[in-house]
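Participant: whatever this is, show me its structure:
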Amino acid sequence: MSVIEEKIIKKIKKNRISTTEIADCLGKTGVLENAHAINRGHFAVGKVKWVYAYNESNWSIHEQARDIEEGDVVLIESFNCGERATVGELVSKYILLYRQAEAIISNANLRDGNDLIKQNYPIWCKGFTPVGCFNKRIEEPLDPEIENVHRKKYEGAIAVCDDTGVVIIPKEFQNEEFLQKLDAIEEQEDIWFECLDHKKWNTYDIVCLKKYLK
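Facilitator: Residues are numbered from 1 along each chain as shown. Modelled structure (predicted):
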């Protein structure tokens, strides 16, 4: 992990900077589509560990899960799996408890929803289905072009997760300027709520006219 990546993660975690604020710092971008919190009240931030299933098999996830490091946010994607779930309680427990990952995020379905909810795991996913992928080795690898594009997109990125969803901070945004944006967005939020709660200004004056700058 680079120094700047560590600084960003530490600042977000210490100040519990929301996904809404992070998305604003990214120019209102960065959302991981179809990743919804299955348990409320969790907040997670960490470097992304990208793993994948493909061709209706989750064999590759079992292989890749062995390399997960403590503090990783594990991003599970599926390719050519339809609506099948990639993993369930067994793999989630292994990733979160035994590999000590920070969270699991996925834009695909998971299964064993009742157990994942009961255990109050920090998981964000598309939804649930009882029908999972097959545990079979696929001799033909994932299309190299797909793998390269997605690995380049997510490896080295930072994920921030809360009840609103998941936002990904790409590697190219991880710099001193972004750290300053995090400070600025926190300061702006403090000012806005000060104007609303104590000065009783309306939101048009606060957000649109920014009268606090005058």
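Participant: longest strand in the protein, please.
Facilitator: strand 44-54 (DSSP state E).
Participant: for that one, name the packing helices and strands.
Facilitator: Contacts defined by 3 or more CB pairs under 8 Å, 6 or more residues apart in numbering; DSSP states H and E place strand 44-54 against helix 3-15, helix 59-65, strand 73-79, helix 144-154, strand 158-162. All C-beta atoms are positioned from the backbone trio N, CA, C, and that covers glycine.
Participant: any buried residues in the helix or strand that the longest one is followed by, and which?
Facilitator: In the C-terminal direction, the helix or strand that comes right after helix 3-15 (DSSP states H and E) is helix 19-25. By neighbour count on 16 or more other CB atoms under 10 Å, the buried set for helix 19-25 is 19, 21-25.
Participant: what do you get for stretch 68-79?
Facilitator: Residues 68, 71-79 are the ones in stretch 68-79 that count as buried (16+ other CB under 10 Å).
Participant: now the residues you listed as JSON lines including pLDDT?
Facilitator: Compiled in JSON lines, the buried residues of stretch 68-79 are given as follows (pLDDT from 0 to 100):
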{"residue": "I68", "pLDDT": "98"}
{"residue": "G71", "pLDDT": "97"}
{"residue": "D72", "pLDDT": "98"}
{"residue": "V73", "pLDDT": "98"}
{"residue": "V74", "pLDDT": "98"}
{"residue": "L75", "pLDDT": "98"}
{"residue": "I76", "pLDDT": "98"}
{"residue": "E77", "pLDDT": "98"}
{"residue": "S78", "pLDDT": "97"}
{"residue": "F79", "pLDDT": "98"}
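Participant: farthest pair within those residues?
Facilitator: In the buried residues of stretch 68-79, two members sit farther apart than any others by CB to CB. They are G71 and F79, at 26.3 Å.
Participant: per-residue pLDDT, E189?
Facilitator: Each residue has a pLDDT score; the one for E189 is 93.
Participant: could you pull up the residues touching it?
Facilitator: Contacts were defined as CB atoms under 8 Å, 6 or more residues apart in numbering; by that measure E189 touches E21.
Participant: of the buried residues of stretch 68-79, closest to L209?
Facilitator: Comparing these against L209 with CB to CB places V73 closest, at 38.6 Å.
Participant: correct me, but that closest one touches S106?
Facilitator: No - with contact defined as CB atoms under 8 Å, V73 does not count as touching S106 (10.8 Å).
Participant: what's the local residue count around the closest residue to N107 other than its chain neighbours?
Facilitator: Taking CB to CB, 6 or more residues apart in numbering as the measure, N107 lies nearest to N34, with 4.3 Å between them; neighbours along the chain are not counted. Look at N34: counted by other CB atoms under 10 Å, it has 15 neighbours.
Participant: tell me the angle of the longest helix along the chain relative to helix 3-15?
Facilitator: Across the chain, the helix with the greatest residue count (assigned by DSSP state H) is helix 176-197. Relative orientation of helix 176-197 and helix 3-15, computed by axes from the mean of the first three to the mean of the last three CA atoms, to 10 degrees: 20 degrees.
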